[in-house]
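Student: take a look and give me a structure for this.
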Amino acid sequence: MSPNADGGRAGSVVASPLKEVASSTLKQGDLGLLGTEQAQALLTSRVPARVAYVAADGTPRVFPTHFVWDGHEVVMGTYAGAFKIAALRARPVVAITIDTEGFPPTVLPLRGPASVTDVDGIVPEYAAAMRRCVGDETADELRAEADEPGLRMARIAVRPTWVGLLDFQRRLPAAVGGIRP
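Tutor: Just a heads-up that it's a prediction; the model follows:
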């Protein structure tokens, strides 16, 4: 999909506007890590993100979700009645991890505030994430199944304020002599 006038919010997948940087020179927490080849590969992959938040009862929770990176925010869609929506509105700070399955893993942890917007119908980024992850035909089938009159979804957008990157080759955790915060 191509960028559009509103910065990619109408469901397009947009590459980061950040210039490619050498990850070895950046400390954990530096937003410049978003511009690395490794981060861009994860942000445009089919791998689901794992989003951690604090539930209404004060306990930590994690949910896996497909997402779109619009160049500025990690955007996800979910059904408006989900319990996590009230919790995210009450305590909007989240942590997200996107990582590879193989060994050694590449891990992209992100932190930042989540904003939740109610949407009538299907969140465009939700549809775009489905297309990327399961293909056009299956995404169209799933969308047709879900898209009923009165459908309400929630658009969850997280603009990173902290970014980490570990690849266990050039970027190791600080505990084993690697990248320091």
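Student: now do residue 86 against residue 107, distance only.
Tutor: As judged by CB to CB, to the nearest Å, residue 86 and residue 107 stand 29 Å apart. Bear in mind the C-beta positions are built from the backbone N, C-alpha and C, glycine included.
Student: compare neighbour counts for these two and give me the winner.
Tutor: Neighbours were counted for residue 86 and for residue 107 using other CB atoms under 10 Å; residue 107 has more, 18 against 13.
Student: pairing partners for that one in the sheet, please.
Tutor: For residue 107, the beta-bridge partners under DSSP bridges are residue 99, residue 166.
Student: can I get stretch 138-151 in CSV? Just the C-alpha atoms.
Tutor: The C-alpha coordinates for stretch 138-151 follow below in CSV (Å, rounded to 0.1, in the frame of the first residue of the first chain):
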residue,chain,number,x,y,z
THR,A,138,-8.5,-14.7,3.8
ALA,A,139,-8.6,-11.1,5.0
ASP,A,140,-11.6,-10.4,2.8
GLU,A,141,-13.4,-13.5,4.1
LEU,A,142,-12.7,-12.5,7.8
ARG,A,143,-13.7,-8.9,7.1
ALA,A,144,-17.0,-10.0,5.5
GLU,A,145,-17.7,-12.3,8.5
ALA,A,146,-17.1,-9.5,11.0
ASP,A,147,-18.5,-6.5,9.2
GLU,A,148,-22.1,-6.4,10.4
PRO,A,149,-24.3,-3.4,10.9
GLY,A,150,-23.6,-1.7,14.2
LEU,A,151,-20.1,-3.1,14.5
